[in-house]
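Q: I would like to see how this sequence folds:
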Amino acid sequence: MGNGLIFLCIILWGVSSFLNRLSVERMPPVLMQVIVGSVFICFIPIALKISDIGNPLTYKWSMYSVCLTIMATIISITANISLYLSLKGSHHSGSSTMLIALYPVVTLILSVVFLHEQLSLIKIFGIMAMITGTVLLSL
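A: This is a model prediction of the structure:
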């Protein structure tokens, strides 16, 4: 089931990037992010019902985790606006999206540096393959 969800995620992100490319020509990127946030707020009750986690207010909250989540959200919003700006007027949305797909490499490097994740030879090869493949596909 896990691989199926990952595949679904890949398909949804691909479709999402394509739809964002279509809408960025008719709307300012900051307004697009406001709409994304508004839709997310409306989706919260549905997500809570689907996940069946109950009332999130009854959980123990960690201020450290809340601060990290806020920082991650601000960084994500900035990244989304940067993406929208790069797509606006671009005839290379596929190439841009391929380059953006390298963000897992950044995550892996940060995990190695800060979380002391082991970097094996196969992971190094995978990073090089991702970078090479992305560059080749974006030409």
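
Q: helices or strands up against the helix of greatest length in the chain?
A: Taking DSSP state H as the criterion, the chain has its longest helix at helix 63-87. Under the contact criterion of 3 or more CB pairs under 8 Å, 6 or more residues apart in numbering; DSSP states H and E, helix 63-87 touches helix 2-23, helix 29-51, helix 93-100. To be clear about C-beta, it is placed using only N, CA and C from the backbone, and glycine gets the same treatment.

Q: of those, which is nearest Ala79?
A: Set against Ala79 and scored by CB to CB, the helices and strands packed on helix 63-87 come closest in helix 93-100, at 8.5 Å.

Q: buried ones in that closest one, by neighbour count?
A: Along helix 93-100, these residues count as buried under the neighbour rule (16 or more other CB atoms under 10 Å): Ser93, Ser96, Thr97, Met98, Ile100.

Q: distance to Asn3 and pLDDT added to those, as CSV?
A: Listed next are the buried residues of helix 93-100 as CSV, based on distance: CB to CB, whole Å; pLDDT from 0 to 100:
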residue, distance to Asn3, pLDDT
Ser93, 27, 69
Ser96, 27, 73
Thr97, 22, 72
Met98, 22, 75
Ile100, 23, 77
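
Q: can you list those residues in CSV and add distance to Val66?
A: Converted to CSV, those look like this (distance: CB to CB, whole Å):
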residue, distance to Val66
Ser93, 35
Ser96, 32
Thr97, 31
Met98, 34
Ile100, 27
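
Q: kindly report the domain assignment for this protein.
A: The chain breaks down into these domains under automatic domain parsing: 14-89, 101-139.
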